[in-house]
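**Q** Take a look and give me a structure for this.
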Amino acid sequence: MSNNGDVVLTIEERKVYDRQIRLWGYDGQNKLRSLNVLLIGMQGLGAEIAKNLILSGVNSITLKDHTSVSILDRCSQFLIPRDSEERNRAKASLNAAQKLNPNVKVKADTTPIEENVDSFITLFDVVIATECSSSTYKRLSEVCRKANVMIFIADVYGLFGYFYQDVNFTHSLYGEVFPNNDQIDSITVTKKLPQIYYLTSGLLKFKSDSNRKPNPDTSEEDIEELKSIIHLQMNHSSDQESTDVDIFEEYYGELFCELSPTTSIIGAMVSQTAINTVMNKPVSNYNVFFYDHVKHEGTFYLL
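**A** From the prediction side, this is the model:
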């Protein structure tokens, strides 16, 4: 550290981050080196984001997950060894994550985020949340906005994924973009929305209602339930161009587990967007990104 409290890279760190310093400069790497990140959720997407940020050279990253390792983690969670005896996902990921870059402080936290949202968030510069409920995302969005903490919220469903960002604190809060839809019959959408929005909103409501994502073991029942949710949501839209639920037929069979191709794409987008924001190059005119695997494209929207 320098006398004024700014981070100063050591000679060893300059060697490690030489290529990055050439890309975004010494001052940019210094900004990263002072960054403290909270990453919530250590399934496949969380592992991908953790890898990217640890390799980039942030100061610290806290892996927060209170859940246990499951067989579904084998689809894309590469930080957890197959022979690991540690059952908590954050702790099981800790050793491999730390080996990626000894210069970064990597910590594990097993307390559910719902138990310490208000007291915990202000310790960080950036919060990245995955694998949470819609109500938790809504609360995190509100708390981070109040504390001026940048937040990214992301999820992957099979070959589909999205993320939301609040980095300049002027656009809609997460709960305004994706309402919980507890009273879906009373909701009428009055603004034009991209069709892929309704798939995302339907998946979020499915998770909120079922307390889980669609599962391969119950795929037929889950697809029918998801179709019903999306049909109701689209019927309450005033955008007549977006009322054909059959547009998602190609998607339904590919919304199970967190698959590596999509965790790589969404994880890279979240990580790079967070890094760019820290470098004062935010994607400031948009707040939601959708990856559409059928069209093989990702698009930012302002919702």
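**Q** So what are the structural domains in the chain, by residue number?
**A** Split into domains by automatic domain parsing, the chain comes to 11-174+257-301, 184-254.
**Q** Mean pLDDT and mean neighbour count for those - can I get that in JSON lines?
**A** (Glycine included, C-beta is placed from N, CA and C.) JSON lines is the format used below for the domains of the chain (pLDDT from 0 to 100; neighbours: other C-beta atoms under 10 Å):
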{"stretch": "domain 11-174+257-301", "mean pLDDT": "93", "mean neighbour count": "19"}
{"stretch": "domain 184-254", "mean pLDDT": "82", "mean neighbour count": "16"}
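**Q** now the strands for the protein?
**A** Remark: strands assigned in the chain by DSSP state E are 36-40, 60-64, 105-109, 126-129, 150-157, 160-166, 288-292, 297-301.
**Q** how about TSV for the ones you listed, with distance to residue 78 added?
**A** Below are those laid out as TSV (distance: least, C-beta to C-beta, whole Å):
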stretch	distance to residue 78
strand 36-40	15
strand 60-64	14
strand 105-109	15
strand 126-129	18
strand 150-157	14
strand 160-166	17
strand 288-292	20
strand 297-301	22
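**Q** Distance-wise, check the nearest residue to residue 91 once chain neighbours are set aside relative to residue 80.
**A** Excluding the flanking residues, the one nearest residue 91 by C-beta to C-beta, 6 or more residues apart in numbering is residue 108, at 4.8 Å. The gap separating residue 108 from residue 80 is 12 Å, by C-beta to C-beta, to the nearest Å.
**Q** Report the set of residues contacting both of those two.
**A** Shared contacts of residue 108 and residue 80, defined by C-beta atoms under 8 Å, 6 or more residues apart in numbering, comprise residue 93.
**Q** check contacts around the closest residue to residue 67 other than its chain neighbours.
**A** Take residue 67 and drop its neighbours on the chain: the residue closest to it by C-beta to C-beta, 6+ apart is residue 89, 5.7 Å away. Each residue near residue 89 by C-beta under 8 Å, 6+ apart is listed here: 42-43, 65, 67-69, 73, 77, 80.
**Q** Distance-wise, check residue 89 relative to residue 263.
**A** 14 Å.
**Q** Output the contacts of residue 89 as CSV; include the columns distance to residue 193.
**A** CSV is the format used below for the contacts of residue 89 (distance: C-beta to C-beta, whole Å):
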residue, distance to residue 193
42, 31
43, 27
65, 32
67, 32
68, 36
69, 37
73, 33
77, 32
80, 37
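**Q** Would you mind checking which of those is nearest to residue 34?
**A** residue 42 (23.9 Å; C-beta to C-beta).
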